[in-house]
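Visitor: I would like the atomic coordinates for the input below:
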Amino acid sequence: MAETRHTIGSDPGLFGPRSVTWQLHGDPMMWIAGIRALYLQALHPRAVRGVTQNSDFRRDAWGRLMRTAHFVGTTTYGTTEAAERAGARVRKIHRRLTVTDPATGERYGVDEPGLLLWVHCAEIDSYLHVLRRSGLRLTDAEADRYLAEHLESARLVGLDPGAVPGNRAEMAAYFARVRPDLAAGPEAREVDDFLLRPPTHPLLVPAREVLWRRVAHLAYASLPPYAHELYGRPAPAPATVTRQLRLAGLLLRRVPARVRWQLPPKHILRAMARLGPDARPAPYKLGR
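Guide: This next block holds a predicted model:
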C-alpha cells in the first residue's frame with residue numbers, strides 16, 4: 001500500500017491509515033454488519049443474559065447502537081490515547097457487572113474470557129462477512145490481516161490476544177468449537193423481537209415497517225445456516241441473500257462519503273484533519 005503522508009507529530013492510532021481496518025470501517029454496510037452481530041451474539045445464552053440483565057436496551061436502542069458505533073469509531077480512527085481510554089472504560093464497566101442464570105441461580109461476571117471472546121468473534125466475523133459479501137473487494141490475505149489486526153481490539157476489551165482467532169482458519173475452528181453451546185433461548189427471542197420491532201414514536205411506525213424491518217431482515221438473512229436453524233426460521237437461498245447485500249452495498253456506497261461521515265461523532269473527518277487528506281479511508285486502497 002502506498003505510504004500515507006501524516007501531519008508532523010500526528011498519531012495514527014492503533015491501526016493507522018495503512019491497515020485493512022481503516023479502509024473497511026468507513027463503509028456504510030458496517031451498520032447492517034453490526035445488526036448481524038447482535039443476532040449472532042444473542043445465540044450464546046450466557047453472553048446475551050449480560051445484555052438483557054444489565055441494560056435497558058429496549059428503551060435506549062438508539063443510544064446503545066450509538067455507543068457501540070462510538071467505541072468502534074474511536075478505536076479505529078482515534079488517537080492511541082483515546083482508544084486506550086475507551087478500552088479502559090469498557091473493562092471497568094464489565095468488571096462490575098454480574099449475571100444470574102435463572103435456571104441454576106449461578107452468578108457470574110460479564111467479563112468472563114469465554115463470553116468476551118464470543119462477543120468479539122461474533123462482531124468481527126460479522127463485519128468481515130457482510131462487507132465482503134456485499135461487494136467490497138478483499139483478498140483472502142487481507143481478510144486474514146483484518147482478523148490479525150483485531151487482536152488489538154480484543155486486548156482493549158480485556159482478552160488475551162494469544163487466545164483470540166487471528167485468521168480465517170482459526171475463526172472457523174472457534175465457531176465450530178463453540179457451536180454446541182449456542183441456543184435460541186428466551187433472551188435471544190427477546191433480542192430477535194426487539195430487532196424486528198424496536199420501540200419508536202407512533203408517527204415513525206410506518207417508516208420502521210418499511211425501512212428498518214428490511215434492514216433487520218437482511219442482516220438476519222446473512223447469518224450462517226446454523227443460526228437460522230436455532231432461530232427456527234427457514235434459511236433464505238444464499239444466492240438471493242448475496243444479491244440483496246450487493247444491491248444494498250451499491251446503493252449505500254453511492255451516498256457521498258463526505259455526507260455519510262458528517263453524522264456524529266465524525267471520527268473519520270477528525271482523523272483526516274489530524275493526519276491529512278491522504279488518510280481518507282477508501283476501498284481502492286486495499287491490495288496496494
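Visitor: Where does the prediction get shaky in this protein?
Guide: Counting by pLDDT under 70, the ranges of the chain that qualify are 1-9, 57-64, 201, 203-205, 208, 210, 287-288.
Visitor: pull the longest helix from it.
Guide: Identified as the longest helix of the chain according to DSSP state H is helix 113-133.
Visitor: Show me what the helix or strand that that helix is followed by is packed against.
Guide: On the C-terminal side of helix 113-133, the nearest following helix or strand under DSSP states H and E is helix 140-149. In this structure, helix 140-149 packs against helix 20-24, helix 113-133, helix 168-178, with contacts taken as 3 or more Cβ pairs under 8 Å, 6 or more residues apart in numbering; DSSP states H and E. In short, each C-beta sits where N, CA and C put it, glycine included.
Visitor: can you redo those as a markdown table with mean neighbour count and distance to Arg96?
Guide: As requested, the helices and strands packed on helix 140-149 are arranged in a markdown table below (neighbours: other Cβ atoms under 10 Å; distance: least, Cβ to Cβ, whole Å):
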| stretch | mean neighbour count | distance to Arg96 |
| --- | --- | --- |
| helix 20-24 | 25 | 29 |
| helix 113-133 | 21 | 15 |
| helix 168-178 | 14 | 26 |
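Visitor: quick one, which of these is nearest to Val255?
Guide: In terms of Cβ to Cβ, the element of those nearest to Val255 is helix 113-133, at 16.0 Å.
Visitor: got the angle between that closest one and helix 140-149?
Guide: On the basis of axes from the mean of the first three to the mean of the last three Cα atoms, to 10 degrees, helix 113-133 is oriented at 150 degrees to helix 140-149.
Visitor: Give the other helices and strands that helix 113-133 contacts.
Guide: Counting by 3+ Cβ pairs under 8 Å, 6+ apart, helix 113-133 packs on helix 20-24, helix 30-41, helix 45-52, helix 140-149, helix 151-156, helix 168-178, helix 238-253.
Visitor: Tell me how far the fourth one lies from the chain's centre.
Guide: This means helix 140-149. Taking Cα atoms, centre = their mean, to the nearest Å, one finds the center of helix 140-149 at 16 Å from the center of the full chain.
Visitor: neighbouring contacts of it?
Guide: Outside of helix 140-149, the residues that reach it under the criterion Cβ atoms under 8 Å, 6 or more residues apart in numbering are 15, 19-21, 24, 124, 128, 132, 138, 165-168, 170-171, 286-287.
Visitor: again, but for stretch 81-95
Guide: The set of residues external to stretch 81-95 that reach it, using Cβ under 8 Å, 6+ apart, is 11, 13-14, 71, 74-75, 78, 109-111, 116, 155-158.
Visitor: Select from those every entry located in helices.
Guide: Those of the contacts of stretch 81-95 lying in helices (DSSP H): 71, 74-75, 116, 155-156.
Visitor: Where neighbours are concerned, which of the residues you listed has the most?
Guide: Comparing the ones in helices among the contacts of stretch 81-95 by number of neighbours (other Cβ atoms under 10 Å), Thr75 comes first, having 26 neighbours.
Visitor: Farthest pair within the contacts of stretch 81-95?
Guide: In the contacts of stretch 81-95, the most distant members under the criterion Cβ to Cβ are Asp11 and Gly109, with 32.9 Å between them.
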